[in-house]
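[1] structure for the following, please:
(one chain, ligands or ions: 1)
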Amino acid sequence: MDIVVSSAAALGISLHQLFRRREPTIASALAIVAGADAALFAILERLELGLPASTLVYSLGGTTFATLLLSIAAYRLSPWHPLARYPGPLLHRLTKLRTVYASWRGNHFKEMAKIHDKYGPVVRMAPNAISIADVSAVAPVLGANGLPKDRYYRARQPPGNGPLITLNGAQHAHRRRLWNRGLGKSALTSHTQTAAAGWGRLRTQFDRAADAQTTVDMSLWLRFYGFDFMGGFAFGKEFGLVESGKDDVKAWQTINKFLIAHDIIGHLPWLGWRGAFIPSLLSALFKLRNFARKCVQDRLARPATTLDLWYYLSKEDADDNDGRLTVEKLAAEGSLALVAGADTSATAMISMIYFLLTNPDCLSKAREEVDAAVANGLAPWTNAECHPALPYLNACMDETLRLLPVVPTNGSRVVPIGSGGITIAGHFIPEDTEVFVAPYQLHHDPRYFSPHTSIFHPERWIEDDGKWNTQREAYIPFSAGPMQCVGKNLAKIEIIVVVSALLRYYDMKFAEGYDPAMFLEHVEEHIVADVPPLPVVLTKRL
Ligand code: HEM
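    Numbering: from 1, shown residues only. I've put the predicted structure just below:
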């Protein structure tokens, strides 16, 4: 028996050396372990040890797996691990499952804040991942010559059909040009009309609620708005959620589950893009893909009626096929637009209403600015050209996205294998390390935003009297560098369209009995911040 256990243990340790070099998927890991055990079984059988075959199989399998896991654990906690010099909680250093648990519960960014508070700006947040909360990491990680995206993004997509957000280098630059066409200056004028038309529909519903003095769940309605807008923006046809007042297509449930699945698979790339064997992950991924595919089929069946994103991505205006994307790739970009654009902008608007309602002085100032613009003949909810003339409202938006960045942690980058490692913010980071530079951590750091770091003060963005320390390089709600949010300008337009109109047309107050402290406490994170209901009573001003 000794020889069985010792040879299986030696096999487990050797397999660890193999897996350490290149992380396998769960399917390939199981196949390799089973194959290696089968080979060992064949050798040991020839030695005629007198053990029943079943005992041999169980002893080999059990010992190999146990040794493999022990070897992995010991190495991760040992002083020989390349990230040993970086501090972090024991469970985080031991296994990524700890991060997955936090992601599943939706409190990853809150936990990270506590970990940074305890261990400092550079922490080991998983066996092979570090989080750097230092402004000097922004350019080397996210900037033009920064680090590439890798497994966190790649793991979530079927091979070959990854959308813009998963690409690197020349492939990314090429695909990004198509998106830039769809979000350029002339396209934005058309998208502003889509946003304004959406506001018109929302206003009809809000007027009804104001007349009846019924409570409006801002989170629900602004999500309906956000999703409808994305339908119009991406596929030239809104989904009718605001008009019906119902989410018949289960848009939010689908997107939310999709984001949870993506986050988990991103952290556990060995699960593979199908979320191996976990039915709820699998169905969430397929539901959204099928939904996007249906949008694509509907869109293909009709010509462009507006200059939607599809029009630009599929080059409907071009008379050659040069560089056209396949329908599968277009569908992947379509799902990306729905996921990246709908939830994010809606969350930003909801949070902005929350911060304005909890800071009545700021709300009054913002409203005065909107009213003054109207007195000058401007209507910010139909015309984006006048948005720069609303500095205070823009500052309220910036302050909202500082305190509650919609993508609080953001995805990781990886130090390329073969690079020999790099030095970031004065710290040597070995190759194949995942690096996170989380907006939430930078935005809440008094070194970059002070005084009153955790308080809503839009003034910090506009007053230049030396009172405020506002380091704009540390402000990254849309990420930074060439892979930063391509929809940034569009999102800002949407937010100002809706919030300026709300300020102009309604007085708003929290519903009777609502405790505003609950809002921030119940914000979760599933890649995107997931905000709780926001019950508000509207009264018409005009
Ligand atoms: C307040 C609203 C928004 C916020 C805070 C936001 C934030 C972000 C962030 C942080 C990223 C980088 C993600 C990463 O590196 O993993 C990103 C990327 C992206 N966003 Fe947004 N976003 C918003 C709205 C939008 C809108 C309206 C669209 C329109 C379709 C959009 C489309 C995209 C796309 C396509 C990418 C990938 C860009 C690339 O890889 O080149 N986003 N966004």
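[2] my reading is that residue 123 lies in a strand. Confirm?
    Yes. Assignment of residue 123 by DSSP: H, G, I helix; E, B strand; the rest coil places it within a strand.
[3] and it, what pLDDT?
    Reading off the confidence values, residue 123 has pLDDT 98.
[4] please tell me how far it sits from residue 116.
    Residue 123 is 6 Å from residue 116, where distance means Cβ to Cβ, to the nearest Å. Just so you know, the C-beta spots here come from the backbone N, C-alpha and C atoms, and that holds for glycine as well.
[5] which neighbours do the two share?
    residue 131 (Cβ atoms under 8 Å, 6 or more residues apart in numbering).
[6] count the residues that sit near the residue of the stretch 101-250 of the chain found nearest the ligand.
    Per Cβ to the nearest ligand atom, residue 165 is where the stretch 101-250 of the chain lies closest to the ligand, at 3.9 Å. By other Cβ atoms under 10 Å, the residues close to residue 165 number 20.
[7] residue 298 now?
    13.
[8] about what we covered before: assign a three-state SS to the residue of the stretch 101-250 of the chain closest to the ligand, would you?
    Assignment for residue 165 (three-state DSSP): helix.
[9] what does the one 10 residues further on give?
    Secondary structure state of residue 175, per three-state DSSP, is helix.
[10] excluding its backbone neighbours, what's nearest it?
    Sequence neighbours aside, residue 164 is the residue nearest to residue 175 in space, at 4.8 Å (criterion: Cβ to Cβ, 6 or more residues apart in numbering).
[11] now for whichever strand or helix holds residue 233, which elements pack on it?
    Following DSSP states H and E, the helix or strand that holds residue 233 is helix 218-235. On a contact count with 3 or more Cβ pairs under 8 Å, 6 or more residues apart in numbering; DSSP states H and E, helix 218-235 meets helix 185-212, helix 241-244, helix 251-267, helix 279-300, helix 309-313, helix 327-337, helix 343-358, helix 488-505.
[12] same for the first one, what does it pack against?
    If contacts are counted by 3+ Cβ pairs under 8 Å, 6+ apart, helix 185-212 sits against strand 215-217, helix 218-235, helix 241-244, helix 488-505, strand 535-540.
[13] deepest-packed of the ones you listed, please.
    helix 218-235 (a mean of 25; mean count of other Cβ atoms under 10 Å).
[14] and it, does that touch the ligand?
    No. Figure legend: helix 218-235 not in contact with the ligand (Cβ under 6 Å from any ligand atom); closest approach 6.8 Å.
[15] dump the C-alpha coordinates for that helix into CSV.
    The C-alpha trace of helix 218-235 is given here as CSV (Å, rounded to 0.1, in the frame of the first residue of the first chain):
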residue,chain,number,x,y,z
MET,A,218,-37.0,55.4,-9.4
SER,A,219,-34.8,52.4,-9.7
LEU,A,220,-37.4,50.4,-11.5
TRP,A,221,-38.5,53.2,-13.9
LEU,A,222,-35.0,54.5,-14.7
ARG,A,223,-34.0,50.9,-15.5
PHE,A,224,-37.0,50.6,-17.8
TYR,A,225,-35.8,53.8,-19.4
GLY,A,226,-32.2,52.6,-19.7
PHE,A,227,-33.2,49.4,-21.3
ASP,A,228,-35.6,51.0,-23.7
PHE,A,229,-32.9,53.5,-24.6
MET,A,230,-30.4,50.8,-25.4
GLY,A,231,-33.0,49.1,-27.6
GLY,A,232,-33.4,52.3,-29.6
PHE,A,233,-29.7,53.1,-29.6
ALA,A,234,-28.4,49.7,-30.5
PHE,A,235,-31.2,48.2,-32.6
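[16] mean confidence for that helix?
    For helix 218-235, the mean confidence score works out to 93.
[17] could you do stretch 7-20 as well?
    On average, stretch 7-20 scores 86.
[18] buried stuff in it?
    Across stretch 7-20, burial judged by 16 or more other Cβ atoms under 10 Å covers 7, 8, 9, 11, 12, 13, 15, 16, 19.
[19] closest to the ligand among the residues you listed?
    Among the buried residues of stretch 7-20, and counting by Cβ to the nearest ligand atom, the member closest to the ligand is residue 19, at 26.7 Å.
[20] redo the helices and strands packed on helix 218-235 as TSV? Include distance to the ligand and mean pLDDT.
    Shown next, in TSV, are the helices and strands packed on helix 218-235 (distance: least, Cβ to the nearest ligand atom, whole Å; pLDDT from 0 to 100):
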stretch	distance to the ligand	mean pLDDT
helix 185-212	9	94
helix 241-244	17	95
helix 251-267	9	85
helix 279-300	13	79
helix 309-313	7	83
helix 327-337	4	83
helix 343-358	4	97
helix 488-505	4	97
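[21] could I get the ones you listed as JSON lines with distance to residue 36?
    Formatted as JSON lines, those follow (distance: least, Cβ to Cβ, whole Å):
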{"stretch": "helix 185-212", "distance to residue 36": "56"}
{"stretch": "helix 241-244", "distance to residue 36": "53"}
{"stretch": "helix 251-267", "distance to residue 36": "26"}
{"stretch": "helix 279-300", "distance to residue 36": "28"}
{"stretch": "helix 309-313", "distance to residue 36": "47"}
{"stretch": "helix 327-337", "distance to residue 36": "37"}
{"stretch": "helix 343-358", "distance to residue 36": "44"}
{"stretch": "helix 488-505", "distance to residue 36": "50"}
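[22] most tightly packed of those helices?
    helix 343-358 (a mean of 25).
[23] so it versus helix 185-212, what angle?
    Angle, helix 343-358 to helix 185-212, by axes from the mean of the first three to the mean of the last three Cα atoms, to 10 degrees: 50 degrees.
[24] following helix 343-358, which helix or strand comes up?
    By DSSP H and E, the next helix or strand past helix 343-358 is helix 360-375.
[25] got the contact list for the very next helix or strand once past that following helix?
    Remark: after helix 360-375, the chain's next helix or strand is helix 391-403, criterion DSSP H and E. With contact meaning Cβ under 8 Å, 6+ apart, helix 391-403 is reached by 348, 351-352, 355-356, 362, 365-366, 369-370, 380, 387-388, 443-444, 449, 454, 456-462, 475, 477, 492, 495-496, 499-500, 503.
[26] ok, now with 6 Å
    With Cβ atoms under 6 Å, 6 or more residues apart in numbering as the test, helix 391-403 has contacts from 351-352, 355, 365-366, 369, 443, 456, 458, 461-462, 477, 495.
[27] could I get those residues as CSV with distance to residue 244?
    What follows is these, written out as CSV (distance: Cβ to Cβ, whole Å):
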residue, distance to residue 244
351, 25
352, 25
355, 29
365, 36
366, 31
369, 34
443, 37
456, 34
458, 35
461, 38
462, 40
477, 32
495, 24
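[28] can you name the two of those that are farthest apart?
    Using Cβ to Cβ, the pair of the contacts of helix 391-403 lying farthest apart is 369 and 443, separated by 23.9 Å.
[29] domain assignment for the chain?
    Using automatic domain parsing, the domain ranges for the chain come out as 2-77, 164-540.
[30] could I get those domains as CSV with distance to residue 130?
    Converted to CSV, the domains of the chain look like this (distance: least, Cβ to Cβ, whole Å):
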stretch, distance to residue 130
domain 2-77, 13
domain 164-540, 6
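[31] which stretch among the ones you listed comes nearest residue 133?
    Across those, closest to residue 133 is domain 164-540 (Cβ to Cβ), at 3.8 Å.
[32] what about residue 409, distance to residue 454?
    For residue 409, the distance to residue 454 - Cβ to Cβ - is 18 Å.
[33] residues in contact with residue 367?
    For residue 367, the contact set (Cβ under 6 Å, 6+ apart) comprises residue 503.
[34] what's the spacing between the residue of the stretch 101-250 of the chain closest to the ligand and residue 20?
    According to Cβ to Cβ, residue 165 stands 29 Å off from residue 20.
[35] now do the same for the residue of the chain found nearest the ligand: its pLDDT.
    Closest approach between the chain and the ligand, counting by Cβ to the nearest ligand atom: residue 487, at 2.2 Å. For residue 487, the model assigns a pLDDT of 95.
[36] same question for residue 238.
    For residue 238, the pLDDT comes out at 86.
[37] does it belong to a helix, a strand or coil?
    coil.
[38] that's all I had, so thanks and see you.
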